[in-house]
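Colleague: The following comprises the amino acid sequence and a computationally predicted model.
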Amino acid sequence: MHNFEFVKPSTIAEAVKALAREDAQALSGGQTLMPTMKQRLAAPAVLVSLTGIPEMRGVCRNGDALEIGAATTHAEVAREAAAAYPALAGLAGGIGDPAVRNLGTIGGSLANNDPAACYPAAVLGSGATVVTSKREIAADDFFQGLFSTALEEGEIIISVRFPIPERAGYAKFEQPASRFALTGAFVAKYASGVRVAITGAGQDGVFRWSDGERALSASYAADALSGLSVSPDGLMADLHGTPAYRANLVKVMTQRAVRAS
Amino acid sequence: MTKVTMTVNGKAVSGEVEGRTLLVQFLREGLGLTGTHVGCDTSQCGACVVHVDGKAVKSCTVFALDVEGASVRTIEGMANADGSLGTLQQAFQDHHGLQCGFCTPGMVMTSAALLAENPKPTEAEVRDYLEGNICRCTGYHNIVKAVLAASGQDVSAVAAE
């Protein structure tokens, strides 16, 4: 790993200032960034740790919404969101392994936008709002393709605000070595309708399955999806599965998510 | 180089490190605590697990400077005050929970974190919690048995094969 200057600010303002420096990079839990740096796929000059900023940590319920600080770890979300939003807590508790969950954060996962990560499915499936150091970004506008998001240079995720659904579930078909989703489905039912977000399957990362949403909005039951088929166009192909295999998993995992909700 | 200060196994320690110095490098090379092992160096195998402020983490995937001021516990801090093996360590010995021993420091530290959270885990809970710790001797059954025994549970019914 190339060397860098390490800084750990204690306020958002200091972090924003540090990230304005040349070749500065934000570090959250580091569970993806550090392996990337070891492979020299990333070599920042300045690394700005975001885990020492108190206002970016913690889970807080405000009425019908659950607000989670960006530097809150998966283990903390699994514990502290369990009462208000069990599907989200369950998703967080299934990421990686216990040691990874003690360091990895929701903000880090979202900023990275790995096409097989779990959190993007929860955020898009809940129609959550990503609150940054500059603005608020709707989930539908946030995810913009493989490892790419609406975040601008130097912009930091501060928190994520989830509207709490009537019912929700998450099911992932796990790649057993990496524990990422080979395909995962997050389903959330609101008064306004049902949202379905799929991770691990799309060539452009997380996406909404609109046919599934329409069917579940009309009738919220796993059987309501029985007659649907998913096109393999635009789905990922790798050594773990073909697009057609993933297309089938989209439907099967969505049905399992509905049953789990 | 930057000065880093932390508590390791109850003792205040400090040293000069680079930004890129990993916690495991500081422990092994800076402090000579070579009980913590580096297996894969890619946060998959769990041989390097230590506790930071009571939580199990993979010390190959933490920067030393990011745990400034923290309380760290390593395998060297698991023995009793008189130097005899701690309960969990003794259970690993009694139930043949180690073969080559390379993964053992991480297995013991992860298991200790589990028992702190969940003092009487089921066999399934032990296996689930150890998901991020790999034993290439594949000695998992006896490791699970050792953890259950350390929790004070009867292990005579745990499958041997």
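Modeller: Perfect, I can see it now.

Colleague: Just the strands from chain B, written as ranges.
Modeller: Listed in chain order, the strands of chain B (DSSP state E) span B:2-8, B:11-17, B:49-52, B:55-58, B:71-73.

Colleague: And the shortest one, how far out from the chain middle?
Modeller: With CA atoms, centre = their mean, to the nearest Å as the basis, the distance from the averaged C-alpha position of strand B:71-73 to the chain average is 11 Å.

Colleague: tell me which residues in that strand are buried?
Modeller: Neighbour counts over strand B:71-73 (16 or more other CB atoms under 10 Å in any protein chain shown) mark B:Val72, B:Arg73 as buried. C-beta coordinates here come from the backbone N, C-alpha and C atoms, glycine included.

Colleague: Quick one: end-to-end distance for stretch B:60-80.
Modeller: With CA to CA, to the nearest Å as the measure, stretch B:60-80 spans 26 Å from end to end.

Colleague: same deal with stretch B:97-109?
Modeller: Termini of stretch B:97-109 sit 13 Å apart (CA to CA).

Colleague: so who does A:Thr254 touch?
Modeller: Contact partners of A:Thr254, counting by CB atoms under 8 Å, 6 or more residues apart in numbering or on different chains, are A:Ala171, A:Ala185, A:Val187, A:Val196, A:Ile198, A:Trp209, A:Gly212, A:Leu225.

Colleague: and it, that's in a strand?
Modeller: No. Applying DSSP: H, G, I helix; E, B strand; the rest coil, one finds A:Thr254 to be helix, outside a strand.

Colleague: re the thing from before, mind putting the contacts of A:Thr254 into JSON lines with pLDDT and secondary structure?
Modeller: As requested, the contacts of A:Thr254 are exported to JSON lines (pLDDT from 0 to 100; DSSP: H, G, I helix; E, B strand; the rest coil):
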{"residue": "A:Ala171", "pLDDT": "98", "secondary structure": "strand"}
{"residue": "A:Ala185", "pLDDT": "98", "secondary structure": "strand"}
{"residue": "A:Val187", "pLDDT": "98", "secondary structure": "strand"}
{"residue": "A:Val196", "pLDDT": "98", "secondary structure": "strand"}
{"residue": "A:Ile198", "pLDDT": "98", "secondary structure": "strand"}
{"residue": "A:Trp209", "pLDDT": "98", "secondary structure": "coil"}
{"residue": "A:Gly212", "pLDDT": "98", "secondary structure": "helix"}
{"residue": "A:Leu225", "pLDDT": "98", "secondary structure": "helix"}
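
Colleague: Show the backbone phi and psi for whichever residue of the stretch 101-250 of chain A sits closest to chain B.
Modeller: Minimum separation of the stretch 101-250 of chain A from chain B (CB to the nearest CB) falls at A:Asn102, amounting to 4.3 Å. Note on A:Asn102: its backbone torsions stand at phi -80, psi -10 [degrees, to the nearest 10].

Colleague: can you list the residues of chain A near chain B?
Modeller: A:1-6, A:8, A:27, A:30-31, A:34-35, A:37-38, A:47, A:49, A:51, A:75, A:96-100, A:102-103, A:179 (CB under 8 Å from any CB of the partner chain).

Colleague: Among those residues, which are located in helices?
Modeller: A:Met34, A:Pro35, A:Met37, A:Lys38, A:Ala75, A:Pro98, A:Ala99, A:Val100 (DSSP state H).

Colleague: Distance check, the residue in chain B positioned nearest to chain A against A:Gly227.
Modeller: Of all residues in chain B, the one sitting closest to chain A is B:Gly132 (2.6 Å; CB to the nearest CB). Here B:Gly132 is placed at a distance of 40 Å from A:Gly227 (CB to CB, to the nearest Å).

Colleague: longest single helix anywhere in chain B?
Modeller: From DSSP H, the single longest helix across chain B is helix B:104-117.

Colleague: Can you point out the buried residues in that one?
Modeller: For helix B:104-117, by 16+ other CB under 10 Å, it's B:104-115, B:117.

Colleague: and the contacts of A:Thr254, which are buried?
Modeller: Buried members of the contacts of A:Thr254, counted by 16+ other CB under 10 Å: A:Ala171, A:Ala185, A:Val187, A:Val196, A:Ile198, A:Trp209, A:Gly212, A:Leu225.

Colleague: give the contact list for the third one.
Modeller: In this case it means A:Val187. A:Val187 touches A:Gly125, A:Ala168, A:Gly169, A:Tyr170, A:Val194, A:Arg195, A:Val196, A:Leu216, A:Thr254, A:Ala257, A:Val258, A:Ser261, counting by CB under 8 Å, 6+ apart.

Colleague: Let's see that with 6 Å instead.
Modeller: A:Gly169, A:Val196, A:Ala257, A:Val258 (CB atoms under 6 Å, 6 or more residues apart in numbering or on different chains).

Colleague: same deal with the fourth one?
Modeller: The contact partners of A:Val196, by CB under 6 Å, 6+ apart, come to A:Val187, A:Trp209, A:Gly212, A:Glu213, A:Thr254.

Colleague: for the residues you listed, which one is nearest B:Ala149?
Modeller: A:Val187 (41.5 Å; CB to CB).

Colleague: Once you drop chain neighbours, what's closest to the closest one?
Modeller: A:Ala257 (4.2 Å; CB to CB, 6 or more residues apart in numbering or on different chains).

Colleague: Distance of the one you found relative to chain B?
Modeller: Between A:Ala257 and chain B the computed distance is 20 Å (CB to the nearest CB, to the nearest Å).

Colleague: Just confirm that residue is within a helix.
Modeller: Yes. Using three-state DSSP, the assignment for A:Ala257 is a helix.

Colleague: and it, how many residues sit next to it?
Modeller: 28 (other CB atoms under 10 Å in any protein chain shown).

Colleague: Show me how the record splits the chain into domains.
Modeller: No chain specified, so I'll use chain A. When chain A is parsed with automatic domain parsing, its domains come out as A:5-49, A:54-163, A:167-260.

Colleague: think we crossed wires, I meant chain B
Modeller: B:2-77, B:87-150.

Colleague: ok, which stretches of the stretch 101-250 of chain A are helices?
Modeller: For the stretch 101-250 of chain A, the helices defined by DSSP state H, counting those that start in this stretch occupy A:106-112, A:119-126, A:139-142, A:210-218, A:243-260.

Colleague: for those helices, which one ends up most surrounded?
Modeller: helix A:119-126 (a mean of 28; mean count of other CB atoms under 10 Å in any protein chain shown).
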